[in-house]
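K.L.:
Please work out how this folds:
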Amino acid sequence: MTYIVTEPCIGVKDHSCVDVCPVDCFYEAEDQVLIHPDECIDCAACEPECPVDAIFAESDVPEQWKDYIAININAFKADANLPKAPTREKWEAERAVEGSAANLYYQKYPKP
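P.N.:
Model (predicted):
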């Protein structure tokens, strides 16, 4: 079993989950962070840290977001070579860097 990041992460991408992960199993996708299923140790540290309740144990993903199980798992099967997700502090600092992943993300999803 692994933990799955679901739709509420899109448009938020808070990264507080990344900060508490003891094994650095979070990766940066275009519109959300993803958890590598082979690296996740099922510690559940990330789940309560998510401010939008987007993280679930694979067996507990709500019905309306079941497709995110495949999205999370398939991203790593395709050898997408996703970058490791930075800490929240680094992610927020990158917001000001023109052309950075964080800057482009917040252009697409303006943060209030």
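K.L.:
ok, now which ones touch the residue positioned nearest the centre of the chain?
P.N.:
Centroid-nearest residue in the chain: Val33, 1.9 Å away (criterion: C-alpha atoms, centre = their mean). Val33 makes contact with 5, 9, 13, 15, 17-18, 26-27, 85, according to C-beta atoms under 8 Å, 6 or more residues apart in numbering. Just so you know, the C-beta spots here come from the backbone N, C-alpha and C atoms, and that holds for glycine as well.
K.L.:
So which of these belong to strands?
P.N.:
Among the contacts of Val33, the residues falling in strands (DSSP state E) are 5, 26-27.
K.L.:
Out of the residues you listed, flag the one nearest to Glu92.
P.N.:
Phe26 (15.4 Å; C-beta to C-beta).
K.L.:
Can you name the residues bridging to that closest one?
P.N.:
Following DSSP bridges, Phe26 is listed with bridge partners Ile35.
K.L.:
residues contacting it?
P.N.:
Applying C-beta under 8 Å, 6+ apart, the residues contacting Phe26 are 17-18, 33-36, 46, 84-85.
K.L.:
quick one: which of the ones in strands among the contacts of Val33 is nearest Pro110?
P.N.:
Val5 (20.7 Å).
K.L.:
check contacts around Pro37.
P.N.:
2, 72-73, 76.
K.L.:
That should have said Glu92, apologies.
P.N.:
By C-beta under 8 Å, 6+ apart, the residues touching Glu92 are 15, 102.
K.L.:
and it, what pLDDT?
P.N.:
Per-residue pLDDT puts Glu92 at 93.
K.L.:
For the strand or helix carrying Phe76, buried residues please.
P.N.:
Using DSSP states H and E, Phe76 sits within helix 67-77. For helix 67-77, a neighbour-count test (16 or more other C-beta atoms under 10 Å) marks 68-69, 71-73, 75-76 as buried.
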